[in-house]
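>>> Let me see the structure of the following:
(one chain, ligands or ions: 1)
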Amino acid sequence: MPSGLWYGADYNPEQWPERVWAEDVALMREAGVNLVTVNVFGWASIEPAAGEYDFARLDRVLDLLHDGGIAVDLATATAAPPPWFSLAHPEVLPVDAAGLRLSYGSRQAFCASSPVYRSAAVGLATTLANRYAGHPALAMWHVHNEYGCHAPQCFCDVSTVDFRDWLRRRYADLDALNAAWGTDFWSQRCTDWEQVQPPRRTVTFANPGQVLDWRRFCSDAQLACFVAERDVLERLSPGVPVTTNLMAGNVYDLDYWAWSAELTGGDRWVSNDHYLIGDDPREPGAQVAFAADLSRGIARGTPWLLMEHSTSAVNWQPRNYAKPPGQLRRDSLSHVARGSEGALFFQWRASRAGAEKWHSAMLPHAGTDSAVWRSVVALGADLRSLADVRGSRVVADVAVLLDYPSVWAQEAPAQPSADLVAYPEVLRWHAALWRAGVTADVVHPCADLSPYRLVVAPSLYLVSDSAADHLASFVDRGGALVVGPYSGLVDPADRVRPAPLPGAFASLLGIRVEEHLPMRPGETVRLSDGSVGSVWSEALAAPDAVVERTYPDGSPAVTRRGSAWYVSTRLDDPSLEALLARVAGGSPYPPGVDGVWRVHPDGRSYLFLFNHGRHDAEVAIAGRDLLTGARWPSRTTVPAGGVVVLDVVARA
Ligand code: GAL
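Numbers count the residues shown, from 1 in each chain. Got it, this is the predicted structure:
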């Protein structure tokens, strides 16, 4: 295990003739690579036919890497069943909502509830653990790859039976299920468990309670696959860390708070993959910050690992933009600033064939005489100079709340407005804080809120009684809370709470929502302070709150009861940023600069400063830059587009 930060990539040597491997290891050493993920899509290579194993090549790869001083994150290869497996077990192939069974031919073509798939996956993990548990190159087990990436839901008959079992555990009896789903509506009452099925394609809106439970179930089914493999690895290979790479940030099909419980503690690691979305309205820095802050939340504040990102363009978006100079460095070091213990990429060497041949890599098609390669070598040096950061924790006193079932419930069709979408709102509020120079943790509404002075809940349409009580006691203890529109309205079964609305938050916020007033496309509303809303408004009364901003007709738009704020419209980005900056207090950094602290228990503190702007910026703080060795006696200059990591001794 390296003592500093990890640096590396997915390494897929099975795609290359062996004569290339020695050059790979030599170049990895030149770049400072110390950890690679191997065997991630290697199932067909190590088991070319049912029960026939061929480990000769993988043995040689692990030995070669070990001789080169490079540790291995060994994957269980279960994310891509080979064609022979799918042909032998066609019932494992996933079925879509319309009943169409999908073919093999890409990857992840399996049903997570299938006992045949699960037993094959556990079998493969067992075989690998028996063979490699004692290999000196082994630093970490990498279960599967991005659960739920391509087929997060399967509507086959096996899943249906599994779903019914899951519902029996949740509701015990059919009456409780009928009550939760409100099946008296549209004559949907089930009188036998055999009538209960997934929300398959039907003629119009499916039952929203059923859809919500289905999404919960699908997340749990994927999680059960992970737990089954993890348990085998922990039993046969005790003491070796185990992880699986999540997609926190861009993807929200799985309830990562449930996954958090299975990925933390002991030798378990949270790891995450993050890719910039070229057409995302947020700045790249904000996109990275959200993914990293959420990964840290899933890791419960402990260090985590950036398992994949890209050196430059990806190949799966409509237009795949190359990273401009400096972006690779800022992205990687931002993840490190926000708690990652290193930076890994997809992938080491660009593939010559296959679906990802136009995806960037550490070693690009252009070879070593390229800007990407030079940036990769430079980043390796940067990470070596940050070795002391390892093990320190990120400091944040503001939190953004995210609840996956709430997001899913709001996504069900037949809502008041298709334009108010929960997950993008969470991203937007987090980005507003990021622009205001605030480091925020992203956490579950029931997380320990005691470290925070400010909690924002951009979108909590669905909220449990216990979460609502938890937020109320946070406010009672003096914490500031800002709640976004269309929150507090339904219970965990997606049933509308009794009047007064907004249900769970009516008394905490001192308001009454009488009616939702969605706005037309392109329509905007100017509030009394000049801030601008669109998409959504409400007929709101504030019997027990101060009216901070009004709509043009004088009715309340933004309210505050003590330190609990409510925002009843979708503020545009500048207005949202101004509001959150006011509640959070001013930024200690100049515009365009974000700063993140990582602190060791013994007080050693590091301030990561990123200048996302076009001009050099000055920050009033002293320290030594770990990246360059420069000492800044009172003010630190952060070059345009650059990064400074100050060793500050004692945190200001
Ligand atoms: C990830 C995946 C990798 C690779 C990468 C490309 O989702 O885990 O195997 O496909 O995307 O960006």
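
>>> you'd agree Asn272 is up against Pro303?
No - between Asn272 and Pro303 there is no contact under C-beta atoms under 8 Å: 11.9 Å. Where C-beta positions appear, they are placed from N, C-alpha and C, glycine not excepted.

>>> The two: who's more crowded?
Per other C-beta atoms under 10 Å, whichever of Asn272 and Pro303 has more neighbours is Asn272, with 27 against 22.

>>> which ones are touching that one?
Contact partners of Asn272, counting by C-beta atoms under 8 Å, 6 or more residues apart in numbering, are 245-249, 291-292, 294-295, 298, 304-307, 340.

>>> rerun that using 6 Å as the cut-off
Listed by C-beta atoms under 6 Å, 6 or more residues apart in numbering, the contact set of Asn272 reads 246, 248, 295.

>>> is it true that the last one lies in a helix?
Right, Ser295. Yes - checked against DSSP: H, G, I helix; E, B strand; the rest coil, Ser295 lies within a helix.

>>> ok so, going back, got TSV for the contacts of Asn272, with pLDDT too?
Shown next, in TSV, are these (pLDDT from 0 to 100):
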residue	pLDDT
Leu246	98
Ala248	98
Ser295	98
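
>>> which among those gets closest to His612?
Nearest to His612 out of the contacts of Asn272 is Ser295 (C-beta to C-beta; 20.3 Å).

>>> In terms of secondary structure, what does the longest helix anywhere in the chain contact?
Assignment by DSSP state H gives helix 208-236 as the longest helix of the chain. Counting contacts by 3 or more C-beta pairs under 6 Å, 6 or more residues apart in numbering; DSSP states H and E, helix 208-236 is packed against helix 115-132, helix 174-181, strand 242-246, helix 404-411.

>>> out of the ones you listed, deepest packed?
strand 242-246 (a mean of 26; mean count of other C-beta atoms under 10 Å).

>>> packing partners for that one?
Partner elements for strand 242-246 (3+ C-beta pairs under 6 Å, 6+ apart): helix 208-236, strand 268-273.

>>> follow-up on the earlier one: buried residues in the longest helix of the chain?
208-223, 225-226, 228-230, 232-234, 236 (16 or more other C-beta atoms under 10 Å).

>>> Can I take it that Val369 is in a strand?
For residue 369 the amino acid is Asp, not Val. No - Asp369: not assigned to a strand; according to three-state DSSP it is coil.

>>> if I pick it, what's in contact with it?
Applying C-beta under 6 Å, 6+ apart, no residues contact Asp369.

>>> What score does it have for pLDDT?
Looking at Asp369, its pLDDT is 98.

>>> what do you get for Pro2?
58.

>>> Pretty sure Gly641 is one of the things Gly326 touches, is it not?
Yes - contact criterion C-beta atoms under 6 Å: Gly326 and Gly641 qualify, at 4.1 Å.

>>> before we move on, the earlier item: which one, of the helices and strands packed on helix 208-236, ends up nearest to Ala9?
Between the helices and strands packed on helix 208-236, strand 242-246 lies closest to Ala9; by C-beta to C-beta that is 12.3 Å.

>>> between that closest one and helix 208-236, how big is the angle?
150 degrees (axes from the mean of the first three to the mean of the last three C-alpha atoms, to 10 degrees).

>>> From what I see, Ser114 and Val92 are in contact.
Yes - assessed by C-beta under 6 Å, Ser114 is found in contact with Val92 at 4.7 Å.

>>> Mutual contacts of the two, please.
Shared contacts of Ser114 and Val92 (C-beta under 6 Å, 6+ apart): none.

>>> quick one: the residue positioned nearest the centre of the chain and the ligand, what's the gap?
In the chain, the residue lying closest to the centroid (C-alpha atoms, centre = their mean) is Ala248, at 1.1 Å. According to C-beta to the nearest ligand atom, to the nearest Å, Ala248 and the ligand sit 12 Å apart.

>>> who in the stretch 251-400 of the chain is up against the ligand?
273, 275, 308, 314, 346, 356, 359 (C-beta under 6 Å from any ligand atom).

>>> for the second one, helix, strand, or coil?
Taking three-state DSSP as the rule, one finds Tyr275 in the coil state.

>>> Can you read off the pLDDT for it?
At Tyr275, pLDDT is 98.

>>> same question, the fifth one
In the prediction, the pLDDT value recorded for Phe346 is 98.

>>> neighbour count winner among Gly326 and Gly641?
Each of Gly326 and Gly641 has its neighbours counted (other C-beta under 10 Å); Gly641 has more, 19 against 16.

>>> mind listing what the closest residue to the ligand within the stretch 101-250 of the chain touches?
When scored by C-beta to the nearest ligand atom, the stretch 101-250 of the chain has Glu146 as its residue closest to the ligand, at 4.5 Å. Applying C-beta under 6 Å, 6+ apart, we find Glu146 in contact with 245, 247.

>>> Quick one: the strands in the stretch 401-550 of the chain, in order.
Using DSSP state E, counting those that start in this stretch, the strands of the stretch 401-550 of the chain run over 440-443, 454-457, 480-483, 512-516, 524-526, 532-534, 538-541, 546-550.

>>> Out of those, the one nearest the ligand is which?
Closest approach to the ligand among the strands of the stretch 401-550 of the chain (C-beta to the nearest ligand atom): strand 440-443, 20.2 Å.

>>> and that closest one, which strands flank it?
Neighbouring strands of strand 440-443 in its sheet, by DSSP bridges, are strand 398-401 (parallel).

>>> hang on, the earlier thing: what would the helices and strands packed on helix 208-236 look like in a markdown table with distance to Ser370?
Shown next, in a markdown table, are those (distance: least, C-beta to C-beta, whole Å):
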| stretch | distance to Ser370 |
| --- | --- |
| helix 115-132 | 34 |
| helix 174-181 | 57 |
| strand 242-246 | 27 |
| helix 404-411 | 40 |
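
>>> pull the CA atoms of stretch 268-282 into PDB?
Provided in PDB are the C-alpha atoms of stretch 268-282 (Å, rounded to 0.1, in the frame of the first residue of the first chain):
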ATOM      1  CA  ARG A 268     -14.300  -1.000   3.500                       C
ATOM      2  CA  TRP A 269     -13.800   2.000   1.200                       C
ATOM      3  CA  VAL A 270     -16.200   4.300  -0.600                       C
ATOM      4  CA  SER A 271     -14.900   4.900  -4.100                       C
ATOM      5  CA  ASN A 272     -16.500   7.000  -6.800                       C
ATOM      6  CA  ASP A 273     -16.300   7.700 -10.500                       C
ATOM      7  CA  HIS A 274     -16.900  11.100 -11.800                       C
ATOM      8  CA  TYR A 275     -17.100  12.600 -15.300                       C
ATOM      9  CA  LEU A 276     -17.800  16.100 -16.400                       C
ATOM     10  CA  ILE A 277     -21.000  16.600 -18.400                       C
ATOM     11  CA  GLY A 278     -20.100  18.900 -21.200                       C
ATOM     12  CA  ASP A 279     -23.500  20.600 -21.500                       C
ATOM     13  CA  ASP A 280     -24.200  20.800 -17.700                       C
ATOM     14  CA  PRO A 281     -25.100  24.400 -16.900                       C
ATOM     15  CA  ARG A 282     -22.700  24.300 -13.900                       C
END
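
>>> Give the buried residues for it.
268-276, 282.

>>> give me every residue that touches the residue of the stretch 401-550 of the chain found nearest the ligand.
Here the stretch 401-550 of the chain gets closest to the ligand at one residue, Tyr423, 18.0 Å apart by C-beta to the nearest ligand atom. The contact partners of Tyr423, taken as C-beta under 6 Å, 6+ apart, are 252, 407.

>>> try 8 Å this time
252, 407, 459.

>>> Now tabulate those residues in a markdown table and tack on pLDDT and distance to Asp63.
Listed next are the contacts of Tyr423 as a markdown table, based on pLDDT from 0 to 100; distance: C-beta to C-beta, whole Å:
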| residue | pLDDT | distance to Asp63 |
| --- | --- | --- |
| Tyr252 | 98 | 40 |
| Val407 | 98 | 46 |
| Ser459 | 98 | 51 |
